[in-house]
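**Q** Below: sequence and its predicted model.
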Amino acid sequence: MTRPDRPQYSVIKALARTEFPARMVQLASRTGDEAGAGAKPAKPRLRLKDVLEDGRIGLMLALGFACGLPILLVFSTLSAWLATAGVQRTSIGLLSYVSFAYSWKFLWAPVIDRVDLPVLARRLGRRRGWMVTAQLGVILGLIGMSQGDPAASLSFIVVCALVTAFASATQDIVVDSWRIDAAPTERQGVMLAAYQLGYAIARAFAGAGALYIAQGAGWEMAYGAMAALMLVGLIAAVLAPRQDPVAVEGERRSLGATLRVAVVDPFSDLVRRKGLRLLPILGLIMLYRLPDIISGVMAQPFYIEQKFTLTEIANVTKIYGVIVGIVGALAGGWSVIRFGLQASLLFGGIVAAASNLMFTWLALSGHDMNLFVLSISIDNFAGNFAGTALIAYMSSLASPAFVATQYALLSSLYAMPGKFVGGFSGYMVDAMGYPTFFAASAAIGIPVTLLCLVLIVLREGRAAPEPAPVPEAEAIAAKA
């Protein structure tokens, strides 16, 4: 037995202590009136008093900011830059593959958990040593991108983007581990709230902020400014208290054994519990967000080719669109509680796919600001509604003994097909044009709808008995 306030040995054990998947399992299993009748647990709130009294909360806010900053800079913001530089759509689509670093980061997480960096580990400890190294990698990658010219040397931009994405994914691993090691279980809610707030603020800077700077001062200044903002996280990492994993005798495992408990055992548990029903379940998860992910790769080039300025794109998609998306996510959560998972999944899958037809309309209409705002309104609301329903459903699939690992596996599974197909989206647009491309992506909603109906017939996603709570130590032992 380990005390909840002591650092755990492995990243997988640390992830087992996160609260979100476990709470979503309980919420998703009590849908409809059953959920409404239950007592609502108190939600962790991030208050100014918490930040002032506990320095770890302020550090978590800064580290969350550092984690949220790079991802848009190697995805949608970079797509906008490449489009304004006249880079071919096919190249823009293929460059989206750098985001795979975030999906495959679990592969090198065990290495980061076990290996001490020379010099830095002695001075800062294992966690902070890796954190500082990853943040320096992000800074160097962004500085390199700021000095590049996509039109003259796209390969240099690609290399710098890969460095940035790999370092950013590594930073995510270490920050999550530090967060869970640095605070006892009862403080994790507030720590996670601080992380999410910092992450959201960073996305506003990397999205709207970078576009505003690029419009007025150019892309070199925009990416240089983003590299400078990473100093927020670097300073927080240096100031953070040292939190290194404590090795427990008999717990060290080989890399193969670690991957077995992280991937094979959780998936085997799903197969055992769901049987052949797992086939339509996985099919739905893989297809559900495919329309959004595929169209998202070409979104920025599309807006620019429709003659919208960077400032207009920032205002509509990065500021207004985010607000609408929050409303959609809240509506999705309310729908899951009020109408249940089955109805919410079905409705979300239909409207999220159909919302791409708005971009078909916009492509045929040309530069139309009112239609642009309407399209973003419908797309962001529907997409976030569907995303919330899918998160609730994936959480309901997780066994109490494998909450964190099964949820992580399902999350990777839903994103990977879209990322892979999205890499070819530039070729699709060149072959069929934007109107047909968006209409074709909307048509993916047809098999999504059919799979939702199949699962309804199979009674998947209906209210189920609430799983018996598993003691924390037992859950950790089962996963690691």
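**A** Looks like it came in fine.

**Q** Leaving out the residues flanking it, which one is nearest to Arg203?
**A** Using C-beta to C-beta, 6 or more residues apart in numbering and skipping the chain neighbours, the partner closest in space to Arg203 is Gly68 (5.1 Å). Any C-beta I mention is one placed from the backbone N, CA and C, and that applies to glycine too.

**Q** element containing that neighbour, please.
**A** Element membership of Gly68, judged by DSSP states H and E, is helix 55-73.

**Q** other SSEs contacting that helix?
**A** Judged by 3 or more C-beta pairs under 8 Å, 6 or more residues apart in numbering; DSSP states H and E, helix 55-73 is in contact with helix 48-53, helix 126-146, helix 154-182, helix 188-204, helix 219-229, helix 231-239.

**Q** By mean pLDDT, show me the worst of those.
**A** When those are compared by mean pLDDT, helix 48-53 comes last with a mean of 59.

**Q** what about the strands in this protein?
**A** In the chain, no strands are defined using DSSP state E.

**Q** Break it down into its domains, please.
**A** 44-252, 264-480 (automatic domain parsing).

**Q** Reformat these as JSON lines; add mean neighbour count.
**A** Formatted as JSON lines, the domains of the chain follow (neighbours: other C-beta atoms under 10 Å):
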{"stretch": "domain 44-252", "mean neighbour count": "20"}
{"stretch": "domain 264-480", "mean neighbour count": "19"}
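
**Q** now the helix holding Gly68: how far from the chain's centre is it?
**A** Helix 55-73 sits 14 Å away from the centroid of its parent chain (C-alpha atoms, centre = their mean, to the nearest Å).

**Q** mean confidence for it?
**A** Mean predicted confidence for helix 55-73 is 90.

**Q** can you give me the helices in the stretch 251-400 of the chain?
**A** For the stretch 251-400 of the chain, the helices defined by DSSP state H, counting those that start in this stretch occupy 255-259, 265-274, 278-288, 290-297, 299-305, 310-313, 321-339, 341-354, 357-365, 369-397.

**Q** Could you list the low-confidence segments of this protein?
**A** Applying pLDDT under 70 to the chain flags residues 1-54, 184-188, 243-256, 258-259, 261-263, 401-405, 408, 461-480.

**Q** sorry, back to before: who are the neighbours in contact with the residue nearest to Arg203?
**A** Gly198, Tyr199, Ala200, Ile201, Ala202, Arg203, Ala206 (C-beta atoms under 8 Å, 6 or more residues apart in numbering).

**Q** quick one on the thing from earlier: could you tell me the angle between the helix holding Gly68 and helix 126-146?
**A** On the basis of axes from the mean of the first three to the mean of the last three C-alpha atoms, to 10 degrees, helix 55-73 is oriented at 30 degrees to helix 126-146.

**Q** related to what we said a few turns ago, for my notes, please list the helices and strands packed on helix 55-73 in CSV and give distance to Leu450 for each entry.
**A** Output for the helices and strands packed on helix 55-73, formatted as CSV (distance: least, C-beta to C-beta, whole Å):
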stretch, distance to Leu450
helix 48-53, 47
helix 126-146, 42
helix 154-182, 35
helix 188-204, 34
helix 219-229, 43
helix 231-239, 45
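
**Q** closest one to Val74 among these?
**A** Smallest distance to Val74 across these (C-beta to C-beta): 4.7 Å, for helix 154-182.

**Q** re earlier: among the helices of the stretch 251-400 of the chain, which comes closest to Arg459?
**A** Counting by C-beta to C-beta, Arg459 lies closest to helix 341-354 out of these; the figure is 8.7 Å.

**Q** Just the C-alphas of that closest one, formatted as CSV.
**A** These are the backbone C-alpha positions of helix 341-354, laid out as CSV (Å, rounded to 0.1, in the frame of the first residue of the first chain):
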residue,chain,number,x,y,z
LEU,A,341,-26.2,8.3,-24.0
GLN,A,342,-28.0,6.6,-26.9
ALA,A,343,-30.0,9.5,-27.9
SER,A,344,-27.2,12.0,-27.4
LEU,A,345,-24.7,9.9,-29.4
LEU,A,346,-27.2,9.5,-32.3
PHE,A,347,-28.1,13.2,-32.4
GLY,A,348,-24.5,14.3,-32.0
GLY,A,349,-23.3,12.0,-34.8
ILE,A,350,-25.9,13.3,-37.2
VAL,A,351,-25.6,17.0,-36.6
ALA,A,352,-21.8,17.0,-36.4
ALA,A,353,-21.4,15.3,-39.8
ALA,A,354,-24.2,17.3,-41.4
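
**Q** helices and strands around it, which ones?
**A** With contacts taken as 3+ C-beta pairs under 8 Å, 6+ apart, helix 341-354 sits against helix 278-288, helix 290-297, helix 321-339, helix 369-397, helix 425-443, helix 445-457.

**Q** how does it look with 10 Å?
**A** On a contact count with 3 or more C-beta pairs under 10 Å, 6 or more residues apart in numbering; DSSP states H and E, helix 341-354 meets helix 32-37, helix 278-288, helix 290-297, helix 321-339, helix 369-397, helix 425-443, helix 445-457.

**Q** Centre of the chain to that helix, how far?
**A** Taking the mean of its C-alpha atoms, helix 341-354 sits 20 Å from the chain's own mean (C-alpha atoms, centre = their mean).

**Q** quick one: that helix to helix 321-339, angle?
**A** Relative orientation of helix 341-354 and helix 321-339, computed by the same axes, to 10 degrees: 150 degrees.

**Q** quick one: helix 341-354 to helix 290-297, angle?
**A** Using the same axes, to 10 degrees, the direction of helix 341-354 lies 40 degrees away from that of helix 290-297.

**Q** Tell me what angle helix 341-354 forms with helix 445-457.
**A** Orientation check (the same axes, to 10 degrees): helix 341-354 against helix 445-457 gives 180 degrees.

**Q** tilt between helix 341-354 and helix 278-288?
**A** Going by the same axes, to 10 degrees, helix 341-354 makes 40 degrees with helix 278-288.

**Q** re the thing from before, tell me which of the helices and strands packed on helix 341-354 sits nearest to Ile92.
**A** Short answer: helix 425-443, nearest of these by C-beta to C-beta, at 5.6 Å.

**Q** other SSEs contacting that closest one?
**A** Using 3+ C-beta pairs under 10 Å, 6+ apart: helix 425-443 touches helix 89-95, helix 290-297, helix 299-305, helix 341-354, helix 357-365, helix 403-422.

**Q** Apply 7 Å and report the result again.
**A** helix 89-95, helix 290-297, helix 357-365 (3 or more C-beta pairs under 7 Å, 6 or more residues apart in numbering; DSSP states H and E).

**Q** related to what we said a few turns ago, and of the helices and strands packed on helix 55-73, who's closest to Phe381?
**A** With C-beta to C-beta as the criterion, Phe381 lies closest to helix 188-204 of the helices and strands packed on helix 55-73, at 17.7 Å.

**Q** now the angle between helix 154-182 and the closest one, please.
**A** Using the same axes, to 10 degrees: helix 188-204 against helix 154-182 is 160 degrees.

**Q** ok and helix 188-204 relative to helix 231-239, angle-wise?
**A** Interaxial angle, helix 188-204 versus helix 231-239 (the same axes, to 10 degrees): 150 degrees.

**Q** got the contact list for Leu63?
**A** Residues in contact with Leu63 (C-beta atoms under 7 Å, 6 or more residues apart in numbering) are Val175, Tyr195, Gly198, Gly233, Ala236.

**Q** and with 6 Å instead?
**A** Val175, Gly233, Ala236 (C-beta atoms under 6 Å, 6 or more residues apart in numbering).
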